[in-house]
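# Any chance you could fold what I've pasted below:
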Amino acid sequence: MAITDLETQILEDVKGAMRSGDHVKRDTLRMLIAALKNERIAKGEDLDHATVETVIRRGVKSRKDSSQKYREVDRPEHADKEDAEIVVLEAYLPQMMDEAATLAAVDAVIAETGASGKGDIGKVMKGVMAKHKGLVEGKLVNRLASERLG
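Here you go, the predicted structure:
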C-alpha cells in the first residue's frame with residue numbers, strides 16, 4: 001500500500017494534533033483518513049495526489065453545506081464546528097483562485113469558445129473547470145458565466 005506525500009503529511013499532523021491536544025484538528029483528520037481508506041477500497045488501488053485532493057474537496061464541500069444548513073436552522077454552534085473543520089481541511093489544498101482571477105478565466109474561455117448566450121454557460125463552465133481544475137469553485141464560475149452571458 002503506497003501512500004502519497006500528502007497522506008503522509010496528514011498522518012503526521014494527526015500525531016501532532018494528538019500531542020498538542022487540538023481535538024478539532026485531530027478528529028477532522030481522523031475522519032479524512034477514514035474517507036481516504038474508503039476511497040482506496042472503492043477504487044481497489046492506491047490513491048494518487050489528485051484523488052487525495054478530490055476527497056479533501058468533497059469533505060470541504062460537505063462541511064460547507066452542513067454549515068449553511070445549521071445557520072439556516074439557527075444552530076450556530078454546530079455551524080462554527082463545521083467551519084473550523086473546513087479550515088483544517090483547506091490547509092491541505094492549493095490556494096483557490098479569487099473572484100477577479102476566476103472572472104478573467106471565465107472571460108478567456110468565453111472569448112475562446114465564442115460563447116454568446118445563456119445556452120453556452122455549460123460550455124464555458126466545462127472549459128474553465130478543465131483549465132483550472134481544483135483551483136476554482138464551480139458555483140462562482142457558474143455565477144460569473146451567467147452574469148457575463150446573461
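
# ok, now which ones touch residue 121?
Applying Cβ atoms under 8 Å, 6 or more residues apart in numbering, we find residue 121 in contact with 115, 142, 145-146, 149. Bear in mind the C-beta positions are built from the backbone N, C-alpha and C, glycine included.

# ok, 6 Å please
Taking Cβ atoms under 6 Å, 6 or more residues apart in numbering as the contact definition, residue 121 lies against 145, 149.

# likewise residue 103?
With contacts defined as Cβ under 6 Å, 6+ apart, the neighbours of residue 103 are residue 144.

# tell me which element it falls in.
helix 99-113 (DSSP states H and E).

# what do you get for residue 135?
Assignment of secondary structure by DSSP H and E places residue 135 within no helix or strand.

# okay, now it: neighbour count?
The burial metric for residue 135, expressed as a neighbour count using other Cβ atoms under 10 Å, is 16.

# Please spell out which residues along the helix holding residue 103 are buried.
Buried residues in helix 99-113, counting neighbours by 16 or more other Cβ atoms under 10 Å, are found at 102-103, 105-106, 109-110.

# now do stretch 58-76
Using 16+ other Cβ under 10 Å as the test for burial, stretch 58-76 gives 59-60, 63, 66-67, 70.

# how far is that stretch from where the chain is centred?
Centroid separation for stretch 58-76 versus its chain: 14 Å, with Cα atoms, centre = their mean, to the nearest Å.

# Mind exporting the C-alpha coordinates of it to CSV?
Provided in CSV are the C-alpha atoms of stretch 58-76 (Å, rounded to 0.1, in the frame of the first residue of the first chain):
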residue,chain,number,x,y,z
ARG,A,58,-15.5,16.6,-1.1
GLY,A,59,-15.1,16.9,2.7
VAL,A,60,-14.9,20.7,2.4
LYS,A,61,-18.0,20.9,0.3
SER,A,62,-19.9,18.6,2.6
ARG,A,63,-19.0,20.7,5.6
LYS,A,64,-19.8,24.0,3.8
ASP,A,65,-23.3,22.6,3.0
SER,A,66,-23.7,21.5,6.6
SER,A,67,-22.6,24.8,8.0
GLN,A,68,-25.1,26.6,5.8
LYS,A,69,-27.9,24.3,6.9
TYR,A,70,-27.0,24.7,10.5
ARG,A,71,-27.1,28.5,10.2
GLU,A,72,-30.5,28.3,8.5
VAL,A,73,-32.0,26.4,11.4
ASP,A,74,-30.3,28.7,14.0
ARG,A,75,-27.7,26.3,15.2
PRO,A,76,-24.5,28.5,15.1
